[in-house]
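# Sharing a model that was predicted from the sequence below.
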Amino acid sequence: METKYFYEYFRKILKDNEEIFLIAKAKKYSEGKMKIIYGYGLFPLEINDILLIFTTERIFFIPFYKGKAFKTALIQRYYSNLVDMKIEGNKLKMVYQKGKEEVLKIILKEDILKIKNLFSNIFCKINKSSDKYKVFLCPKCLNQLRQDEYFCQNCGVTFKSKKKLLLSGLIFPCWTELYLGFFKKAIFLALYDILLLFLIIFSLSETLKGKPQYSLGLIILIIFFVMYRIFYFLKSLFFRKILILDEKS
């Protein structure tokens, strides 16, 4: 996608004299609370592809969903809310007010040099602000989205419901992946659940027959069965918004 396309796309919300400085591809890794949920290695950390649009005022984050852009809400962050921005190797680290941090892996080396140039020419001259460090924007009309609402007040586009994800995560995690449109992963988790339930029933049956050697395995399986669901519940809970467009939108 060319810079000209993004000028046209963001034109109605860009300020006077605000220009697009750089378009860069990056990967975002799970941090903070999400890293705790993933057990620091117990589960694989999620990696999300993101397109970064650096303007002279702010950064637009365009997440990729199922390999496509503009299928989720966009994220807008103003430089004025940043305490620090720095490059460490190929990683861009941004520290926001109230101690929030974000780490992105920049794909192209030439983009790293351009971002460093951005720091020296723009970031150091910006006045700090108490504005929200993160604002969600509708991918269709760029209207600001309200917290805890799963539709756009301006154009009416709807997003996946967080309540449905929380419920499905507790009952059958495969429903969560099915609701999000990841059919292969949903099938894998369904088969995994069937196998886990079979092992639990078999171990319980053998334990009730007076075979104590199966009791420890039964306890471990039940614990894993419960933790597996808690993991999916917490994964959905700590997403402030699950801003993935419904297919009908």
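Looks like it arrived, so ask away.
# and Leu178, helix, strand or coil?
Counting by DSSP: H, G, I helix; E, B strand; the rest coil, the backbone at Leu178 sits in helix.
# just checking, Phe151 touches Thr158?
Yes - assessed by Cβ atoms under 8 Å, Phe151 is found in contact with Thr158 at 4.6 Å. Every C-beta, even on glycine, is put in place using the N, C-alpha and C of the backbone.
# more neighbours, those two?
Taking neighbours as other Cβ atoms under 10 Å, Phe151 and Thr158 compare with Phe151 leading, 16 against 13.
# Contacts only, for that one.
Phe151 is in contact with 157-159, counting by Cβ atoms under 8 Å, 6 or more residues apart in numbering.
# burial of Leu142, as a residue count?
18.
# Take the contacts of Phe151 and lay them out in CSV including distance to Asp111.
Supplementary listing: these in CSV, determined by distance: Cβ to Cβ, whole Å:
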residue, distance to Asp111
Val157, 31
Thr158, 34
Phe159, 30
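# closest to Phe136 among these?
Phe159 (9.5 Å; Cβ to Cβ).
# quick one: least confident helix or strand in this protein?
Least confident helix or strand, the chain: helix 32-37 with a mean of 44, by mean pLDDT, DSSP states H and E.
# Tell me which helix or strand comes right after that one.
strand 47-55 (DSSP states H and E).
# Give the next helix or strand downstream of that following strand.
strand 58-63.
# Now do whatever helix or strand comes next after that next one: which elements does it pack against?
Using DSSP H and E, the helix or strand that follows strand 58-63 in sequence is strand 74-78. Judged by 3 or more Cβ pairs under 8 Å, 6 or more residues apart in numbering; DSSP states H and E, the packing partners of strand 74-78 are strand 58-63, strand 135-137.
# I'd like these laid out as a markdown table, including mean pLDDT and distance to Val226.
Output for the helices and strands packed on strand 74-78, formatted as a markdown table (pLDDT from 0 to 100; distance: least, Cβ to Cβ, whole Å):
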| stretch | mean pLDDT | distance to Val226 |
| --- | --- | --- |
| strand 58-63 | 87 | 31 |
| strand 135-137 | 87 | 33 |
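# Let me have those in a markdown table, adding mean neighbour count as columns.
Formatted as a markdown table, the helices and strands packed on strand 74-78 follow (neighbours: other Cβ atoms under 10 Å):
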| stretch | mean neighbour count |
| --- | --- |
| strand 58-63 | 21 |
| strand 135-137 | 20 |
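# Out of the ones you listed, flag the one nearest Ile87.
strand 58-63 (14.3 Å).
# Identify all contacting residues around that closest one.
The contact list for strand 58-63 (Cβ under 8 Å, 6+ apart) reads 10, 28, 48-53, 69-70, 72, 74-79, 137.
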